[in-house]
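Undergrad: Any chance you could fold what I've pasted below:
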Amino acid sequence: MRTSAGTGEPAPRPLADVRVLAVEQYGAGPFGSLHLADLGADVIKIEDPGAGGDVGRYVPPHQHGEDSLFFEAFNRNKRSVSLDLGHPAGRAVFEDLVRHSDAVYSNLRGDVPARIGITYDALGRLNPAIVCCSLTGFGMTGPRAAQPGYDYILQGLAGWMDLTGEPGGPPAKSGLSLVDYSGGFVAALALLAGLHAARRDGRGLDCDVSLYDTALSLLTYPGVWHLNAGFTPTRTRHSAHPSLVPFQAFRASDAWIVVGCAKEKFWRRLARLLDHPEWAEEKHSYGSFEGRRTHRDNLVPELEKLFAGRPAATWIRRLTEAGVPCGPVNSVAEALADPHTAARGLVAETSHPYFGTVQNLVSPVRTGPPAAAHRRAPRRGEHTAVVLAEILGYDERRIAELRSGGAFGD
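TA: Reported below is the predicted structural model:
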């Protein structure tokens, strides 16, 4: 384990000197700040007592009172402060926290951050270096700014559902809320870029991140092909790559596998393995990327027939030994049980007062040694008193006055 120079003590986590006030709820926003918390940032959830806190606390089916496994998935390693931002005393406490923080992070509707005063224009007077990162459905400008944005809706708007599924079938969304999660990653990146600039220049800024922008940007090369060459993306049979052949799912005799030849050397290896070395010869119609793309309708059925002749495990072993990129189409249970999942330390355990031992998926962002331990997601308002005493120096009498006056909504 890396240690601090000259002390022998474990080195602090990379973001141990960062404090983030997170006015967040549900999935996209909490997912972004989760990675900051896993990297050591002090992420303080500001939960609205009038709404019962983060709505993610109540997502079924694995839910009890104000606790849910959904909430646990997105809020590990954070602290919770119950605070009514609409109450004058609650707002005053929030502003005190802003003075002692590095960033205010939120995921609200695009017109809300300015309305409730959590943009740089509203908070810069309190802390000139504060970074205000807003992750919204459609951004803080444009004709859709005041509309709520949800992953399902964004997958439809951004063209994703039109591309997903089998040809001739109905539009389909991804099996995961990838717009939400990608938006969370983008927001975390934007916030860190803002912090870098603020520490360099001494002045904070606004980060205007949206799920819509994220979803459109993830169209990547098919979008660029369309903009510049009139390419029309379409669904492909068995999740085939739009131009690289073969690169798709194939049915073995007992299960599905994915085989991909993104380089000519992989195709040569596959051709030899399938006892058709002539397919890789330059003069053969399958001997080049373009040739295989042009003759896809002939080549793929031949490959399907060959792959259907043996069990998936046999193909995975033979393809791996031959150096051909491949993998099984796992169930979620199989993916979580894969030995590589354990080897990479992707599952952590925390102790919960209701759920007992909770297994959680840790952040894939790796910098330095992994965290020694993780904390469960907080109960609503669990850290109100300790945060206000630790960061703001409020004594018990002051906290009691705020509580009785309704600042915490209790």
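
Undergrad: How about residue 84: what's its closest non-neighbour residue?
TA: residue 90 (3.9 Å; Cβ to Cβ, 6 or more residues apart in numbering). C-beta: built from backbone N, CA, C; applies to glycine.

Undergrad: Model confidence at the one you found, what's the number?
TA: In this model, residue 90 is scored at 96, pLDDT.

Undergrad: show me what contacts it?
TA: By Cβ atoms under 8 Å, 6 or more residues apart in numbering, the contact list for residue 90 reads 83, 84, 402, 406, 407, 408, 409.

Undergrad: Could you measure from the second one over to residue 75?
TA: The one in question is residue 84. 20 Å (Cβ to Cβ, to the nearest Å).

Undergrad: The two: which has the busier surroundings?
TA: residue 75 (27 against 22; other Cβ atoms under 10 Å).

Undergrad: Verify the stated contact: the more buried one with residue 59.
TA: No: using Cβ atoms under 8 Å, residue 75 is not in contact with residue 59, being 11.9 Å away.

Undergrad: for residue 63, which residues make a bridge with it?
TA: For residue 63, the beta-bridge partners are residue 68 (DSSP bridges).

Undergrad: Show the contacting residues for the nearest residue to residue 164 once chain neighbours are set aside.
TA: Excluding the flanking residues, the one nearest residue 164 by Cβ to Cβ, 6+ apart is residue 172, at 4.5 Å. Residues counted as contacts of residue 172 (Cβ under 8 Å, 6+ apart) are 161, 164, 165.

Undergrad: Same question for stretch 106-115: list its buried residues.
TA: For stretch 106-115, the neighbour count (16 or more other Cβ atoms under 10 Å) marks 106, 107, 108, 109, 110, 112, 113 as buried.

Undergrad: now, which of these lie within helices?
TA: 112, 113 (DSSP state H).

Undergrad: Which members of the contacts of residue 172 are classed as buried?
TA: Using 16+ other Cβ under 10 Å, the buried ones in the contacts of residue 172 are 161, 164.

Undergrad: and the contacts of residue 172, which of them are in helices?
TA: Going by DSSP H, the helices hold residue 161 from the contacts of residue 172.

Undergrad: Pull the CA coordinates from stretch 87-99 and hand them back as PDB.
TA: What follows is stretch 87-99, C-alpha atoms only, in PDB (Å, rounded to 0.1, in the frame of the first residue of the first chain):
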ATOM      1  CA  HIS A  87     -36.700  27.600   5.000                       C
ATOM      2  CA  PRO A  88     -34.700  30.800   5.800                       C
ATOM      3  CA  ALA A  89     -32.800  29.100   8.600                       C
ATOM      4  CA  GLY A  90     -32.200  26.000   6.400                       C
ATOM      5  CA  ARG A  91     -30.900  28.300   3.600                       C
ATOM      6  CA  ALA A  92     -28.600  30.000   6.000                       C
ATOM      7  CA  VAL A  93     -27.100  26.700   7.100                       C
ATOM      8  CA  PHE A  94     -26.600  25.700   3.500                       C
ATOM      9  CA  GLU A  95     -24.900  29.000   2.700                       C
ATOM     10  CA  ASP A  96     -22.500  28.400   5.700                       C
ATOM     11  CA  LEU A  97     -21.700  25.000   4.200                       C
ATOM     12  CA  VAL A  98     -21.000  26.500   0.800                       C
ATOM     13  CA  ARG A  99     -18.400  28.800   2.400                       C
END
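
Undergrad: how distant is it from the center of its chain?
TA: 30 Å (Cα atoms, centre = their mean, to the nearest Å).

Undergrad: next one: stretch 164-171
TA: For stretch 164-171, the distance to the chain centre is 25 Å (Cα atoms, centre = their mean).

Undergrad: What residue in this structure is the furthest from its centre?
TA: Distance to the chain centre peaks in the chain at residue 283, reaching 45.5 Å (criterion: Cα atoms, centre = their mean).

Undergrad: does that one sit in a helix, a strand or a coil?
TA: At residue 283 the chain is in coil, as set by DSSP: H, G, I helix; E, B strand; the rest coil.

Undergrad: separation between it and residue 266?
TA: Remark: distance between residue 283 and residue 266 (Cβ to Cβ) = 20 Å.

Undergrad: In strands, which of the buried residues of stretch 106-115 appear?
TA: Secondary structure from DSSP state E places residue 106 of the buried residues of stretch 106-115 in strands.

Undergrad: Pick the one among the buried residues of stretch 106-115 closest to residue 393.
TA: Closest approach between the buried residues of stretch 106-115 and residue 393, by Cβ to Cβ: residue 106, at 25.7 Å.

Undergrad: wait, the closest one sits on residue 115?
TA: No: with contacts counted by Cβ under 8 Å, residue 106 stays clear of residue 115, the gap being 11.7 Å.

Undergrad: which SS state does residue 73 fall under?
TA: Per three-state DSSP, the local secondary structure of residue 73 is helix.

Undergrad: neighbouring contacts of whichever helix or strand residue 318 is part of?
TA: Assessed by DSSP states H and E, residue 318 sits inside helix 312-322. Outside helix 312-322, the residues that touch it by Cβ under 8 Å, 6+ apart are 252-257, 259, 269-270, 272-273, 307, 310, 325-328.

Undergrad: State the mean pLDDT of that helix.
TA: Confidence for helix 312-322, expressed as mean pLDDT, is 97.

Undergrad: Mind checking what helix or strand follows that helix in sequence?
TA: strand 326-328.

Undergrad: list the buried ones in the helix or strand following that next one?
TA: Downstream of strand 326-328, the first helix or strand assigned by DSSP H and E is helix 332-337. Under the neighbour-count criterion of 16+ other Cβ under 10 Å, helix 332-337 has nothing buried.

Undergrad: So which elements touch whichever strand or helix holds residue 348?
TA: Element membership for residue 348, per DSSP H and E: strand 347-352. With contacts taken as 3 or more Cβ pairs under 8 Å, 6 or more residues apart in numbering; DSSP states H and E, strand 347-352 sits against strand 356-361.
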